[in-house]
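**Student:** Sequence and predicted model, in that order:
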Amino acid sequence: MTAIDTATQVELTAAPADAPATSVTLTDAAAGKVRVLLEQEGRDDLRLRVAVQPGGCSGLQYQLFFDERTLDGDIELNYEGVPVVVDRMSGPYLVGATIDFTDTIEQQGFTIDNPQASGGCACGNSFCG
């Protein structure tokens, strides 16, 4: 499994109206970056797993990593050829969340805009639901 650095943004955006109720959305930039990282891994059995786990200053933190496993109850999505899975426990915390990728001189990495997050922490790595 390969970990991907994440950051939490305070700004919130809504998922597209046609997005499944239990899904996250990848922007074109995020899908493109994940596709490049998957190609670098050189394996075709990996998918991006998006999860919410206990931890961090505010109680919950995001995890983005490549995973070959399929878990019972996984929500399977596909964005421009990028396979994404969300476990059933994380799904409710991620309804309407949008994952983006920023690559500027000031910031590089994945960000998650999540309307389910009621607050965050000063370090930007966790949230409360």
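**Tutor:** Cool, the structure landed. Numbers count the residues shown, from 1 in each chain.

**Student:** Work out which residue lies at the spatial centre of this protein.
**Tutor:** Val50 (4.5 Å; Cα atoms, centre = their mean).

**Student:** What ranges does the protein have for its helices?
**Tutor:** For the chain, applying DSSP state H gives helices covering 28-41.

**Student:** pLDDT wise, what is the residue nearest to the centre of the chain at?
**Tutor:** Note on Val50: pLDDT of 92.

**Student:** One more: Gln61?
**Tutor:** Per-residue pLDDT puts Gln61 at 83.

**Student:** on that earlier part again, wouldn't the residue nearest to the centre of the chain be in contact with Gln61 here?
**Tutor:** No - assessed by Cβ atoms under 8 Å, Val50 is found out of contact with Gln61, at 12.0 Å. In short, each C-beta sits where N, CA and C put it, glycine included.

**Student:** lowest-confidence helix or strand of the protein?
**Tutor:** Least confident element among the helices and strands of the chain, by mean pLDDT, DSSP states H and E: strand 6-8 (a mean of 41).

**Student:** And Val86, how close does it get to Arg35?
**Tutor:** Using Cβ to Cβ, to the nearest Å, Val86 is found at 18 Å from Arg35.

**Student:** Gln63 too?
**Tutor:** For Gln63, the distance to Arg35 - Cβ to Cβ - is 19 Å.

**Student:** and if you look at Gln61?
**Tutor:** Counting by Cβ to Cβ, the separation of Gln61 from Arg35 is 25 Å.

**Student:** Check Pro115 too.
**Tutor:** Separation of Pro115 from Arg35 (Cβ to Cβ): 26 Å.

**Student:** pLDDT value on the residue lying farthest from the centre of the chain, please?
**Tutor:** In the chain, the residue that sits farthest from the middle, by Cα atoms, centre = their mean, is Ile105; the gap is 22.3 Å. In this prediction, Ile105 carries a pLDDT score of 89.

**Student:** just the one 5 residues further on next, same as before
**Tutor:** The per-residue pLDDT reported for Phe110 equals 90.
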